[in-house]
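Colleague: Curious how this folds, go ahead:
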Amino acid sequence: MSDLEELLQRKLEALEDGASPKKTAKGLPGEAAELEPLIYLAASLRDMPHPGLEPQTSHLMQNELVKAAKGTMKLPIRKRSTSLAWLLTPGFASLSLVILALVVVFFGARAWLAGPSAAQTALLSEVSGQVQVAESANADWQDVGVGSSLHSGQLIRTSSGSSATLRFFEGTQTVLSPNTELVLDEVSGGWGNVLHVKLTEQYGYTDHSVIPFGEKNSYFMIDTPAGSASVHGTVFSAAFDPNGKAVFAVEAGQVLVENEQGDVTLDPGQGTAILLNQAPEPPAYTFTLTDKLTLADGNVWWIGGMPFVITSDTLLLDKFEPGDTLLMTGRILENGLWVVDSIQPAQDTGKKSTFAGVVEEIGDQTWMIGGIPVQVNLATRLSDSIQVGYVVEVKYVILGSGSWQAVEISTLVAGKLPAPKPTSTDTPSPSVEFSLEGISSLNSEPVADCTGAEPQPEAQTLADRYGISLSAIMSRFCQGFGFGEIDQAYMLRDKGYDLDQIFGLRKTGLGWGEIEQVLNAQPSSKNRSDKSVKPANENKPEPKPSKTPRP
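Modeller: Numbers count the residues shown, from 1 in each chain. Model (predicted):
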């Protein structure tokens, strides 16, 4: 290799190490001044968007590069003994083209190996409120909006009442809740939907929906000062309190949670907490409660008609007042204690009240799941072939009587089934009539006064339409029903159905057509006051369910 070739090689390596073209070309000796255009050309090739892999496009761009190279090499020949004019003679013109071809191949190969350009960024696909981005920990924060692209090394944060959704190139998503900050340590990928993502959660709460990886060298990691989680295609959440507590919970798939002190593997429906310099706690089944804060008495909060103890370990992602709709997450420990890990504004997350557990008993009207008795009726949506021993997720509402009404029960994990018992059935009988007792009593929990000083015009219109008092309309409104829902309910009442049953079924998540079907299936549901529908096997003594747990 000649001295000129060695010099060019060193300059190309300097470019590869991140040096600017100006800095790289600076200091070239006079006899090598003709290399300066090649250095700038190489830098341009490095920075230009890399083409696709279509043969026609690749061939066309190759021709264009050769033309550009030929034009660049037409430089004035200096009249000095050390001039490189000999490079432009027919005998050595091919050498210049070979060097240029090597430059093209070198940077083109690196561009191809780097993968699609979209893999190097995360797109801000949804924004609510104020979302800001900084180039580094010491840089100024700048407001950003939908469509902004974020790259490795940047930071993103949400303010109070705000949220943001990051979408990665192959479909994986990360949602930031209010008062959350993330560092994008690494965002990259390769051809074939290979994804490389590493995030550090400084504080706050995040939800992650990771597309299952088809390549073994893909990875998605979320790190906190207390511990980290790595996944290979799952739906999970992560939270970190600046006081030093991290919480991870899994909806689908598996997540490995670890730190220097130990590790645990979380299955669907499980979560764990980690304190600084301590090993992860044993996996526990999780719960989510979405409802209104009706009363806050010191560290005891009434949410959804149930009291919860809020401790210094509970991550509060905003300030809350009675009447606010909250999204609360936590874990159900082996001793039956419900631990509240985080509380945030519910916003429009679409999440309902849920908990996960093992099916212990399947009865006609009451199922025992994770030690909790839940009511199951014709309005409950069930996954196929649920059996005792399965791990399930229960979407539920808490009735005024204190019982829990299951809206939907879905399978998370098909567990190891125990030997069947001759005296019990494995599945509920579809022909059993269910009792609407309890459905009628929805609102015995404390309710915040939301009537206001002035009469609400729409409420007054409904009161006049149905010949009832304004306070009757407003009491339903304060219970969380909209005026449109109240109107629909009173229209059904005028057909002869019980009003409390109508509102009770509505709170289970049923549509109005479904509510009328359920009520029609109960012949005695019309024109009744406070009498409940008795099941067909009313003479058969029912097993006494255990007491409804109170967190």
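Colleague: Quick check, central residue of the chain?
Modeller: D207 (2.8 Å; Cα atoms, centre = their mean).
Colleague: I'd like to check which residues are in contact with that one.
Modeller: 174-175, 177, 235-237 (Cβ atoms under 8 Å, 6 or more residues apart in numbering). Bear in mind the C-beta positions are built from the backbone N, C-alpha and C, glycine included.
Colleague: can you rerun that using 10 Å?
Modeller: In this structure, D207 makes contact with 163, 165, 173-177, 235-239, 249, 251, 349, 351, judged by Cβ atoms under 10 Å, 6 or more residues apart in numbering.
Colleague: now swap in A472 and tell me
Modeller: Applying Cβ under 10 Å, 6+ apart to A472 gives the contacts 459, 462-463, 466, 486, 490, 499.
Colleague: Just send the residues you listed back as TSV, with distance to A472, neighbour count and secondary structure too.
Modeller: As requested, those are exported to TSV (distance: Cβ to Cβ, whole Å; neighbours: other Cβ atoms under 10 Å; DSSP: H, G, I helix; E, B strand; the rest coil):
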residue	distance to A472	neighbour count	secondary structure
A459	9	20	helix
L462	9	21	helix
A463	7	20	helix
Y466	9	16	helix
I486	9	24	helix
Y490	10	20	helix
L499	10	17	helix
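Colleague: nearest to G18, of those?
Modeller: If you rank the contacts of A472 by distance to G18 using Cβ to Cβ, I486 comes first, at 65.2 Å.
Colleague: Apart from its chain neighbours, what residue comes closest to that closest one?
Modeller: Computed as Cβ to Cβ, 6 or more residues apart in numbering, the closest residue to I486 that is not its neighbour in sequence is R476, at 5.1 Å.
Colleague: same deal with T165?
Modeller: E126 (3.8 Å).
Colleague: That neighbour: neighbouring residues, count only.
Modeller: 15 (other Cβ atoms under 10 Å).
Colleague: the helices in the stretch 1-150 of the chain, which residues?
Modeller: 3-16, 21-25, 36-47, 55-72, 90-113 (DSSP state H, counting those that start in this stretch).
Colleague: ranking those helices by mean pLDDT, which is last?
Modeller: Mean pLDDT is lowest for helix 90-113 among the helices of the stretch 1-150 of the chain, at a mean of 53.
Colleague: Run through this structure and note the low-pLDDT ranges.
Modeller: Per-residue confidence of the chain (counting by pLDDT under 70) places the weak regions at 1-2, 31, 44-115, 214-216, 305, 347-351, 400-401, 415-454, 508-510, 521-551.
Colleague: how close does the nearest residue to R493 once chain neighbours are set aside get to G480?
Modeller: In space, not counting the residues next to it along the chain, R493 is nearest to L499; the distance is 4.6 Å by Cβ to Cβ, 6+ apart. Computed as Cβ to Cβ, to the nearest Å, the L499 to G480 distance reads 16 Å.
Colleague: coming back round to it: between the contacts of A472, which is nearest L182?
Modeller: Nearest to L182 among those, counting by Cβ to Cβ, is I486 at 41.8 Å.
Colleague: Provide a list of residues in contact with that closest one.
Modeller: Shown in contact with I486 (Cβ under 10 Å, 6+ apart): 458-459, 462-463, 466, 472-477, 479, 503, 506.
Colleague: Out of the residues you listed, list just those in helices.
Modeller: 458-459, 462-463, 466, 472-477, 503, 506 (DSSP state H).
Colleague: what are the ranges of the strands in the stretch 351-500 of the chain?
Modeller: Using DSSP state E, counting those that start in this stretch, the strands assigned to the stretch 351-500 of the chain run over residues 354-362, 366-369, 372-375, 381-382, 391-398, 404-413.
Colleague: So which elements touch the shortest one?
Modeller: Counting by 3 or more Cβ pairs under 10 Å, 6 or more residues apart in numbering; DSSP states H and E, the packing neighbours recorded for strand 381-382 are strand 404-413.
Colleague: Kindly report the same for the second one.
Modeller: Secondary structure elements in contact with strand 366-369, counted by 3+ Cβ pairs under 10 Å, 6+ apart, are strand 354-362, strand 372-375, strand 391-398, strand 404-413.
Colleague: ok, 7 Å please
Modeller: Contact here means 3 or more Cβ pairs under 7 Å, 6 or more residues apart in numbering; DSSP states H and E; on that basis strand 366-369 packs against strand 354-362, strand 372-375.
Colleague: Which among these is found nearest to L412?
Modeller: Taking the helices and strands packed on strand 366-369 one by one with Cβ to Cβ, strand 354-362 is closest: 6.3 Å.
Colleague: Parallel or antiparallel, list what pairs with the closest one.
Modeller: strand 284-297 (antiparallel), strand 366-369 (antiparallel), strand 391-398 (antiparallel) (DSSP bridges).
Colleague: what does the first one rub up against?
Modeller: For strand 284-297, contacts defined as Cβ atoms under 7 Å, 6 or more residues apart in numbering pick out 249, 269-271, 301-304, 320, 322-333, 338, 346, 351-357, 370, 445-448, 480.
Colleague: just the buried members of the residues you listed?
Modeller: With neighbours counted by 16 or more other Cβ atoms under 10 Å, these contain buried members at 249, 269-271, 301-304, 320, 322, 324, 326-332, 338, 346, 351-357, 370, 445, 447, 480.
Colleague: ok, D318 touching S160?
Modeller: Yes - with the criterion set as Cβ atoms under 7 Å, D318 and S160 qualify as a contacting pair; they are 5.5 Å apart.
Colleague: What's the first helix or strand after the strand ranked longest in the chain?
Modeller: The strand that spans the most residues within the chain, counting by DSSP state E, is strand 194-209. Of the helices and strands lying after strand 194-209 in sequence (DSSP states H and E), the nearest is strand 219-223.
Colleague: tell me the angle of that next one relative to strand 194-209?
Modeller: 50 degrees (axes from the mean of the first three to the mean of the last three Cα atoms, to 10 degrees).
Colleague: Quick one: name whatever helix or strand follows strand 219-223.
Modeller: Following strand 219-223 in sequence order, the next helix or strand is strand 228-231 (DSSP H and E).
Colleague: buried sites along that following strand?
Modeller: Neighbour-count burial for strand 228-231, counted by 16+ other Cβ under 10 Å, picks out 228-229, 231.
Colleague: Closest one of those to S383?
Modeller: S383 lies nearest to V231 out of the buried residues of strand 228-231, by Cβ to Cβ, at 23.8 Å.
Colleague: List the contacts of the closest one.
Modeller: Applying Cβ under 7 Å, 6+ apart, we find V231 in contact with 210, 220, 253, 255.
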